[in-house]
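1. sharing a model prediction with you, sequence too.
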Amino acid sequence: MEWLRRALLPVDQGSEFAKHIDVMYMAILWLSIVLFIGLMVPMCYFAWRYRFKAGRVTPHQTHNTVLEITWTVIPLLLCVLLFFWGIIGYMQFAVGPGESMEIQVTAKKWLWQFEFPDGTRAVNELHIPVNKSIHLIMTSEDVLHDFFIPDMRVKRDIVPGRYTEYWFTPTSIGEHVSTCAEYCGKGHSDMHAKVFVDTPADFAKWMETGGDEWMHHTPEEWGKIQYEQKGCVTCHNVDGTRSKGPSWKGIWGKMEKLKGGGTVLVDEAYVRESMLQPQAKVVEGFDPIMPTFQGLLRENEIRGLVAYIKSLQ
Ligand code: HEC
Ligand SMILES: [Cu+2]
């Protein structure tokens, strides 16, 4: 019977809301399947049963009031039912519950930035406490994006110059993924974030310290993790090939040519400035498209990235 349950209702449900969406989605799907078969099978049968045959006499009945009212009223009632079912659910999540944790989400090519009420920020990494109502307030700095956590059935467009909102309650502790569901340019497929649903204690600890994972890595390893997690990987290669930004291989200690003339030594101060104020010195031959990471990288992460770039000789 397990296979039947799986077929009728998908299993990975990471939020309170997911159940309601799945029940309705599967109800519509199965209703469509049943109606489709219910129409197509008799249609094929009648087409065959009453096919042309020389000499066959067909009775002259063109009208059946009872039958016609039945096949008009039943589908009408089904449509009305689906409409109210849908709109009640829509209203439930469009107007959030009283008490929820507010998180500002900013999308930009090509990363996610999360900000908590106390000012704590993170990039491409969202920590949320389990069984607590979360209120996302989302906007974009450039083009249309769409915040999507598949297993929580969280999905909402993010529009530049406008705020969109979403409420959900995560119910399953552990790591989940989120991704961008609106094609937003070259780096679209790299635009994902990890969503960690924590116990209240783990969440409080993360808010306080940003986690202590960095202590268990060497600075270079930690930098490599940041390189992937913070989205540097979407624009920077480390093998000497050019991407949207310059490769990091062998840049340490080199004199970098700048746009508009002049050179600069690639050292600790320059690398740091490149992350926090990328427009201050733009590398020759590249566009100033790098977003600033001011306030988005913790000290240990900056140190890690510097060490990682240094190690790429
Ligand atoms: C959207 C693409 C993009 C992302 C994401 C990005 N960068 Fe950049 N980065 C660039 C471009 C383009 C340049 C060259 C132009 C300039 O200097 O602003 C650059 C330049 C740099 C430089 C100077 C390189 C040199 O050769 O002198 C450093 C260091 C750097 N980025 C670090 C980072 C780090 C660290 C991250 C992640 C935390 C990151 N970048 C994320 C696009 C990006
Ligand atoms: Cu996007």
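-> Nice, thanks for sending it over. Ligands and ions are numbered 1, 2, ... in the order given.
2. write out the residues of the stretch 1-150 of the chain neighbouring ligand 1.
-> Within reach of ligand 1 by CB under 6 Å from any ligand atom, the stretch 1-150 of the chain has these residues: residue 109. In this view, the C-beta of every residue, glycine as well, is placed from N, C-alpha and C.
3. show me what residue of the stretch 1-150 of the chain gets nearest to ligand 2.
-> In the stretch 1-150 of the chain, the residue that lies nearest ligand 2 is residue 145 (3.4 Å; CB to the ion).
4. for that residue, what are its contacts?
-> Counting by CB atoms under 8 Å, 6 or more residues apart in numbering, residue 145 touches 107, 157-158, 180, 182, 184, 191.
5. report the beta-bridge partner residues of it.
-> Here residue 145 sits in beta bridges with residue 158, going by DSSP bridges.
6. quick one: residue 217 and residue 226, what's the gap?
-> 10 Å (CB to CB, to the nearest Å).
7. between the two, tell me which one has more neighbours.
-> Per other CB atoms under 10 Å, whichever of residue 217 and residue 226 has more neighbours is residue 226, with 25 against 14.
8. excluding chain neighbours, what is closest to that one?
-> residue 301 (4.9 Å; CB to CB, 6 or more residues apart in numbering).
9. before we move on, back to that, who touches both of residue 217 and residue 226?
-> residue 304.
10. the residue nearest to residue 226 reaches residue 214, doesn't it?
-> Yes: applying CB atoms under 8 Å, one finds residue 301 in contact with residue 214, separated by 7.3 Å.
11. so what's in contact with the two at the same time?
-> In contact with both residue 301 and residue 214: residue 222, using CB under 8 Å, 6+ apart.
12. thinking again about what came up before, ok, and of the contacts of residue 145, which contact ligand 2?
-> 180, 184, 191 (CB under 5 Å from the ion).
13. near ligand 2, which residues of this structure?
-> 145, 180, 184, 191.
14. could you dump those residues into CSV with distance to residue 74 added?
-> What follows is the residues of the chain next to ligand 2, written out as CSV (distance: CB to CB, whole Å):
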residue, distance to residue 74
145, 42
180, 42
184, 44
191, 45
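15. neighbour-wise, which of those residues leads?
-> residue 145 leads those on contacts (other CB under 10 Å) with 30 neighbours.
16. any regions of the stretch 1-150 of the chain where pLDDT drops low?
-> 9-11 (pLDDT under 70).
17. can you list which of the ones next to ligand 2 among the contacts of residue 145 are found in helices?
-> With helices taken from DSSP state H, there is no overlap with the ones next to ligand 2 among the contacts of residue 145.
18. all helices of the stretch 51-200 of the chain, in order?
-> Using DSSP state H, counting those that start in this stretch, the helices of the stretch 51-200 of the chain run over 65-94, 200-209.
19. can you check the stretch 201-313 of the chain too?
-> Under DSSP H, counting those that start in this stretch, the stretch 201-313 of the chain gives helices at 219-229, 268-276, 299-311.
20. now check the longest one, is it near ligand 1?
-> Yes: looking at helix 299-311 against ligand 1 by CB under 6 Å from any ligand atom, the contacts come from residue 305.
21. show me what that helix is packed up against.
-> With contacts defined as 3 or more CB pairs under 8 Å, 6 or more residues apart in numbering; DSSP states H and E, the packing partners of helix 299-311 are helix 219-229, helix 268-276.
22. hmm, who's touching that helix?
-> By CB under 8 Å, 6+ apart, helix 299-311 touches 214, 217-227, 230, 232, 248, 251-252, 268, 271-272, 275, 297.
23. what about dumping the CA coordinates of it to PDB?
-> What follows is helix 299-311, C-alpha atoms only, in PDB (Å, rounded to 0.1, in the frame of the first residue of the first chain):
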ATOM      1  CA  GLU A 299      35.900  38.300   9.200                       C
ATOM      2  CA  ASN A 300      36.800  34.600   9.300                       C
ATOM      3  CA  GLU A 301      35.300  34.200   5.800                       C
ATOM      4  CA  ILE A 302      37.300  37.100   4.400                       C
ATOM      5  CA  ARG A 303      40.400  35.700   5.900                       C
ATOM      6  CA  GLY A 304      39.600  32.300   4.400                       C
ATOM      7  CA  LEU A 305      39.100  33.700   1.000                       C
ATOM      8  CA  VAL A 306      42.300  35.600   1.100                       C
ATOM      9  CA  ALA A 307      44.200  32.500   2.100                       C
ATOM     10  CA  TYR A 308      42.500  30.500  -0.600                       C
ATOM     11  CA  ILE A 309      43.400  33.000  -3.300                       C
ATOM     12  CA  LYS A 310      47.000  33.100  -2.000                       C
ATOM     13  CA  SER A 311      47.200  29.300  -2.200                       C
END
